[in-house]
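> Okay, structure incoming, though there's no sequence with it:
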């Protein structure tokens, strides 16, 4: 370790993290290009070619020209994912008055004695299927 001073280690780590941040930014820009539904196919192809052929200039130009709207597209995507997740959970949990209500009614009928255990089990299996 005598031939590799601490300052050189610091610079190596700094450049390593700058390299990681560069790839993160590059992938973020490419993702944003494909996420934008207002941009046509030729526009997307042009931005991708610019970013891949001249990466530093392409990313900087993209951030200057379209950087303001990147946040809006990311927020819209997150809202769509949240709505899809909420819809899935409601459908699965039966909060829309579906299977949970029916199971509750079946249980009440069984408790009153209107249904036998076998009838309850068959109806329950039919609802859960």
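Thanks, I have the structure now. Quick caveat, the model's predicted, so the values are computed rather than measured.

> Centre-most residue in this protein?
For the chain, the residue nearest the mean C-alpha position is residue 81 (6.0 Å; C-alpha atoms, centre = their mean).

> Report the buried residues of stretch 12-32.
26, 29, 30, 32 (16 or more other C-beta atoms under 10 Å). For every residue, glycine as well, the C-beta is placed using N, CA and C.

> which residues of the chain score low on pLDDT?
1-2, 94-98 (pLDDT under 70).

> For the residue of it most remote from its centre, grab phi and psi.
Farthest-out residue of the chain from its mean C-alpha position, per C-alpha atoms, centre = their mean: residue 113, at 48.6 Å. Torsion angles at residue 113 (phi, psi; degrees, to the nearest 10) stand at phi 100, psi 10.

> could you pull out the helices for this structure?
Under the criterion DSSP state H, the chain contains helices at 6-35, 41-53, 55-93, 99-112, 117-128.

> Who are the contact partners of the residue farthest from the centre of the chain?
Residues near residue 113 by C-beta atoms under 8 Å, 6 or more residues apart in numbering: none.
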